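S.K.: with the sequence up front, the predicted model follows.
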Amino acid sequence: MAKLYFYYSAMNAGKTTTLLQSAHNYRERGMRAAILTPRLDHREGSGIVASRIGLSAEGVAFDRDDDLFAWVELDRAARGPLDCLLVDEAQFLSKAQVWQLGEVVDRLGIPVLCYGLRTDFRGELFEGSQYLLAWADDLIEIKTICHSGKKATMTVRVDDRGYAVQDGPQVEIGGNERYVSVSRAEFKKIAAGEGRIELSQPSLALRQRKAESD
């Protein structure tokens, strides 16, 4: 039975990596999966979904006023059956678009997997996350860790010195240089100006497996 899923987390927990793995799993089995991504997040180019560990795939960029149910119907008419719809950065969905994704599930029988942040740098829900938490059939937390060793559940926006930024628009696209995932306790301390975040973090050295010879 098709469901609306919301995979949520703080920043840098591997949401996009998980999305790309899901898309790969569908395609590996000969099934068609479409990826949608907000047009406003164009760090890797419009429509490109990219993870921090170097994986990427082409998706379709959408705007906040786009009708996603209508998009799916047009896509199926043009390209045939759709087995799964995956949505990256789902916190940027509008309330109407979350409802439309529910219609994709309920009327068309297509599973929809959404991946996004739960809260912003002030600890408040994004619009898309608010309604996904309310309406999704399954809620799955993707866990990550704070520098304190506790589970990270909050996201801090920081300046170039690692101090918390308290003001500004809710949406400001950025990566590790702007946002850090922390525990609730650390969020309170850093937001109160009682500490700073060390922005320079070592990354895992990954090796690409060599392709097998014929």
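M.R.: Sure, I can see it. All values reported here derive from a predicted model rather than from experimental measurement.

S.K.: strands along the chain, start to end?
M.R.: With strands called from DSSP state E, the chain shows them at 4-9, 33-38, 48-50, 56-58, 60-62, 84-87, 112-117, 138-141, 144-145, 151-152, 154-157, 179-182.

S.K.: and the ones you listed: which comes nearest Ala23?
M.R.: strand 33-38 (4.8 Å; C-beta to C-beta). C-beta: built from backbone N, CA, C; applies to glycine.

S.K.: what is that closest one packed up against?
M.R.: With contacts taken as 3 or more C-beta pairs under 8 Å, 6 or more residues apart in numbering; DSSP states H and E, strand 33-38 sits against helix 15-28, strand 48-50, strand 60-62, helix 68-79, strand 84-87.

S.K.: and stretch 72-92, how far apart are its ends?
M.R.: Stretch 72-92 has its terminal residues 18 Å apart, counting by C-alpha to C-alpha, to the nearest Å.

S.K.: no, scratch that, I was asking about stretch 7-18
M.R.: First-to-last residue span, stretch 7-18, C-alpha to C-alpha: 9 Å.

S.K.: out of the helices and strands packed on strand 33-38, the one nearest Cys146 is which?
M.R.: Nearest to Cys146 among the helices and strands packed on strand 33-38 is helix 15-28; the distance by C-beta to C-beta comes to 16.8 Å.

S.K.: by contact count, what packs against that closest one?
M.R.: strand 4-9, strand 33-38, strand 48-50, strand 56-58, strand 84-87, strand 112-117.

S.K.: show me what the mean pLDDT comes to for the fourth one.
M.R.: The average pLDDT within strand 56-58 is 77.

S.K.: tell me the contacts of the closest residue to Ala23 other than its chain neighbours?
M.R.: Spatially, and ignoring its direct neighbours in sequence, Ala23 is nearest to Ala33 (4.8 Å; C-beta to C-beta, 6 or more residues apart in numbering). Listed by C-beta atoms under 8 Å, 6 or more residues apart in numbering, the contact set of Ala33 reads 22-23, 26-27, 82-86.

S.K.: swap the cut-off to 10 Å and go again
M.R.: 19, 22-27, 57, 82-86, 111, 113 (C-beta atoms under 10 Å, 6 or more residues apart in numbering).
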